[in-house]
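Asks: 3D, please:
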Amino acid sequence: MSQEHQRAAALRLSRSLFVLLALATGLALAYLPAQPGVAVAETADTASPAPGLESSPSPDPAGLDPTPSPTLEPAASPSPDPALEPSPDPSTAPTADPSASPVAAFAVMQHAFARVATAAAPPTYLAPGAPLTDEPRYEVFRISFDLTNADALDRQFTPLLEFSSDGTTFARVPDETTGAEAAFHVAREWVAQPNGGTTIGPSLVIEAAGGVSGALERVRSSGLNPLPGQIVRPGSSLSVEFSVKATAGAAYNATYVFRLTDDGAALPGASAATLTMSARPALQLTPGQRSGVPGDASARGVTRYGLQASSTSVHTPAFDLVSDSCVACHRTHTAAGSLLTAQPTQYSLCASCHDGTNLPDIAAAYAGVPANDATARAYYQHDPTQVSGPGKTNDCAECHNPHNITDAAAAETVSGWTASGMLSGIGEVELEYQLCYRCHASAATLPSNSGQPPSRYALDKALEFDPGNASYHPIESPGTNQTAALANSLAASGTSPYKLWSWQTTSTIRCVNCHADARRADAALTPPGSSLAASASLAIHASPERGILIQPYQDRSLNGPIEPYAAADFALCYVCHSEAPFVDQTGQVRDGQNGTVADTNFRYHGVHLSNPDVMSDRGFPGTDIDTPGYGAGFAICAECHFRIHSSAFPADGRTPGSRLVNFAPNVTAPTGGVLSWQPVTGTSAGSCTLKCHGAPHNNVEY
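Replies: Below is the predicted model of the structure:
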């Protein structure tokens, strides 16, 4: 017999015993002489219905006639003669037993916990009275209390759940809108939808006795505390159940006690319902953690595709009749445009020398890289055969002036990184990002965004990296986030499996620190591997990663309901940032305690990205980040940091935010609310008002 059936059988047995007790009490009252009329309390048939309850009459769960018996009238016969009444014998009168414990007329008979694993599976009930142990944070559990009314009258009470950390001082279990300060919240459970995915279930569930509509057997809270007032008939029983979850405020390894009260008044008969929290979970970092190297120009490193320039290079010839090298590229009488040798394109001319024999193989940069797909806005290369498109053509001379090339490394300044010697002599370019702006800003004709979803917009990079924005990656100027937590995340102490560089909050970075050949980064990350300086020659000719990215980044497709966390999905972020905050599932403030480092200002990063008790199978299973309401698995960075260049162009005209927070289109406003986010400050907690992965956040503090 299952635990659920055993629990139901025990409930039926207790109900039968108290039905007999109620009948005996009624018979005794009926045969007592000259009893005054018995007052009848307002029943469920006549009382105002509680919210969510039907107002139609309810059959008696015990099978009794719900119609109250008429009150007894005083006897019409003359009063008996006192002289005929026997005198009580003091010697035979019963005496009270002080050790006896009378059964309360309305009491809690037993309690039981249940584990709630998934929305698709039924809860697993523990044996009545058994404690709940090893309970993790954020996972919903149930606790039920069985009550019986052995009184001759209806009993009305308001179920209120309380908890205590010491078994003496109790407090109400609040709902989820009160923030994370309380150790527990009454929680909303998720239920499976017929068309796939899950949704938040009703806040109040009424289950009838024996399948009879209106006959209460169990009332369950899924987010309410207290519950609406309930009426329990004479001789009948009721199970009151709450769905609860522990928050970041519940201490690991601690034991808590729960009790059911009548709107705060303790009910008799209840044994201690104890719960013990699990131990703090170990931080499971992805193997291969690296600290990176300083992000300065102190060590350029070996380049794979760089130009090995020197004073004897053909690109810096000595202009005399003996050592003239101009003929390597130019023919005076037989050349085509620019007096170049007979090659069909500039690229083919350059590749004729840069073939891997004495100079790096430029063709290798393009080998095996997917072709660009302009329709899908999927770009993997600066295609050397492109003759039209955004900005200008991709002739080699658009980025390299062969007569001015040197081997000078790029250098960091507070206004951005200087152009390296490979970019020397290109127009007015002095800072490296200025070269990128020639094609990717308003100086060029950008592709139209008409018909494109927001995640594929072509945007003006000069506007995106403007230091006047609320937040931005520090291309032109150090960033606006100067907190110690960000400093720790960027420093060498903040490791990740993809960490290439360590930065300071006062650093500026290069476009090529994110957009460069991923194969170059992979070579540096593979043990024994070589370190890769931020000032290294980082060619942006092509990359196997969309966006010509130096590492993968998932920003258009959401995770499915069963997809596990994978560091590789966010490898681009981990090139600079520490992984630890994103796999810390505790929700605990990372403040240097418990072996942590203060490396994030948002303690719930790991709860959203890697904690299955919070994010697994929650919401609608669509995976398009551009569709409102989609998302049923672990969150991805791009849902909260939709456009990682800056906050200049938030989706759908939403208010730009600090800390690069600009929500993706799949994140919506909750019912009756306005999408908003406030960061933690020195004087106030942060808060979220949004709906994401099916869960509403209404000014929820963190």
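Asks: Phi, psi for Met366 please.
Replies: Met isn't right for residue 366; it's Tyr. Main-chain dihedrals, Tyr366, degrees, to the nearest 10: phi -100, psi -10.
Asks: who touches it in this structure?
Replies: For Tyr366, the contact set (Cβ atoms under 8 Å, 6 or more residues apart in numbering) comprises Gln381, Pro384, His541, Ala542. Where you see a C-beta, it was placed from the backbone N, CA and C, and this is true even at glycine.
Asks: would you list the residues you listed in a markdown table and tack on pLDDT?
Replies: A markdown table is the format used below for the contacts of Tyr366 (pLDDT from 0 to 100):
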| residue | pLDDT |
| --- | --- |
| Gln381 | 95 |
| Pro384 | 87 |
| His541 | 95 |
| Ala542 | 96 |
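Asks: Which of those has the largest number of neighbours?
Replies: Neighbour counts for the contacts of Tyr366, by other Cβ atoms under 10 Å, peak at Ala542, which reaches 27 neighbours.
Asks: Would you mind confirming that it makes contact with Tyr379?
Replies: No: assessed by Cβ atoms under 8 Å, Ala542 is found out of contact with Tyr379, at 9.6 Å.
Asks: what residue ranges in the stretch 301-450 of the chain score low on pLDDT?
Replies: 301-314, 316-324, 334-339, 342, 387-392 (pLDDT under 70).
Asks: all strands for it, in order.
Replies: All strands of the stretch 301-450 of the chain, identified by DSSP state E, counting those that start in this stretch, fall at 412-413, 416-417.
Asks: Most tightly packed of these?
Replies: Per-stretch averages of neighbours, counted by mean count of other Cβ atoms under 10 Å, single out strand 416-417 among those, with a mean of 24.
Asks: which neighbours do Ala542 and Tyr379 share?
Replies: Common neighbours of Ala542 and Tyr379 are listed as Ile548 (criterion: Cβ under 8 Å, 6+ apart).
Asks: for the stretch 51-200 of the chain, which spans come out with low pLDDT?
Replies: Low-confidence segments of the stretch 51-200 of the chain (pLDDT under 70): 51-104, 178-180.
Asks: Which residue lies nearest the spatial centre of this protein?
Replies: In the chain, the residue lying closest to the centroid (Cα atoms, centre = their mean) is His608, at 2.2 Å.
Asks: looking at it, it is touching Phe634, isn't it?
Replies: Yes: counting by Cβ under 8 Å, His608 touches Phe634, with 7.3 Å between them.
Asks: Common neighbours of those two, please.
Replies: Met615.
Asks: Could you say which helix or strand holds the residue nearest to the centre of the chain?
Replies: Using DSSP states H and E, the element containing His608 is helix 605-610.
Asks: outside of that helix, which residues touch it?
Replies: By Cβ under 8 Å, 6+ apart, the list of residues contacting helix 605-610 reads 138, 565, 570, 581-587, 614-615, 634-637.
Asks: just the CA coordinates of it, formatted as PDB?
Replies: Extracted C-alpha coordinates of helix 605-610, given in PDB (Å, rounded to 0.1, in the frame of the first residue of the first chain):
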ATOM      1  CA  HIS A 605      23.500  34.700 -11.000                       C
ATOM      2  CA  GLY A 606      24.100  31.100 -10.300                       C
ATOM      3  CA  VAL A 607      20.500  30.500  -9.200                       C
ATOM      4  CA  HIS A 608      19.300  31.600 -12.600                       C
ATOM      5  CA  LEU A 609      22.000  30.000 -14.700                       C
ATOM      6  CA  SER A 610      22.700  26.600 -13.000                       C
END
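Asks: Give the rounded mean pLDDT of the next helix or strand after it.
Replies: Note on helix 605-610: by DSSP H and E, the next helix or strand toward the C-terminus is helix 612-615. Mean pLDDT, helix 612-615: 89.
Asks: which residues touch helix 612-615?
Replies: Residues outside helix 612-615 that contact it (Cβ under 8 Å, 6+ apart) are Pro136, Arg137, Tyr138, Glu139, Gln585, Val607, His608, Leu609, Gly633, Phe634, Ala635, His693.
Asks: what's the neighbour count on the fourth one?
Replies: Going back to what we said before, that points to Glu139. Number of residues near Glu139 (other Cβ under 10 Å) recorded here: 17.
Asks: That one: what's it in contact with?
Replies: Residues counted as contacts of Glu139 (Cβ under 8 Å, 6+ apart) are Arg115, Val116, Lys245, Ala246, Asp613.
Asks: Could I have the buried ones of those residues as ChimeraX selection syntax?
Replies: Of these, the buried ones can be selected in ChimeraX as follows, counting by 16 or more other Cβ atoms under 10 Å:
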select :116,245,246
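Asks: Now intersect the contacts of Glu139 with the helices, please.
Replies: Residues of the contacts of Glu139 located in helices (DSSP state H): Asp613.
Asks: Compile the contacts of Glu139 into CSV and extend it with columns for distance to Tyr125.
Replies: Below are the contacts of Glu139 laid out as CSV (distance: Cβ to Cβ, whole Å):
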residue, distance to Tyr125
Arg115, 8
Val116, 10
Lys245, 17
Ala246, 19
Asp613, 19
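Asks: Closest to Trp501 out of the contacts of Glu139?
Replies: Relative to Trp501, the closest of the contacts of Glu139 is Asp613; by Cβ to Cβ it sits at 34.2 Å.
Asks: Pull up the gap between that closest one and Ala635, please.
Replies: 14 Å (Cβ to Cβ, to the nearest Å).
Asks: Asp555 now?
Replies: In terms of Cβ to Cβ, Asp555 sits 12 Å off from Ala635.
Asks: Cys326 now?
Replies: Cys326 is 58 Å from Ala635, by Cβ to Cβ.
Asks: More neighbours: which of those two?
Replies: Neighbours were counted for Cys326 and for Ala635 using other Cβ under 10 Å; Ala635 has more, 24 against 13.
Asks: Surely the more buried one and Cys692 touch.
Replies: Yes: here Ala635 reaches Cys692: they are 7.3 Å apart, a contact under Cβ under 8 Å.
Asks: Out of the contacts of helix 612-615, name the ones that lie in strands.
Replies: Using DSSP state E, no member of those falls in strands.
Asks: Quickly name whichever of these is closest to Glu464.
Replies: Ala635 (23.3 Å).
Asks: Can you check the pLDDT for the residue lying closest to the closest one once chain neighbours are set aside?
Replies: Spatial nearest neighbour of Ala635, excluding adjacent residues (Cβ to Cβ, 6 or more residues apart in numbering): His608 at 4.1 Å. We have a pLDDT of 96 for His608.
Asks: quick one on the thing from earlier: ok, which pair from the contacts of Tyr366 is furthest apart?
Replies: Pro384 and Ala542 (9.3 Å).
Asks: Thanks a lot, catch you later.
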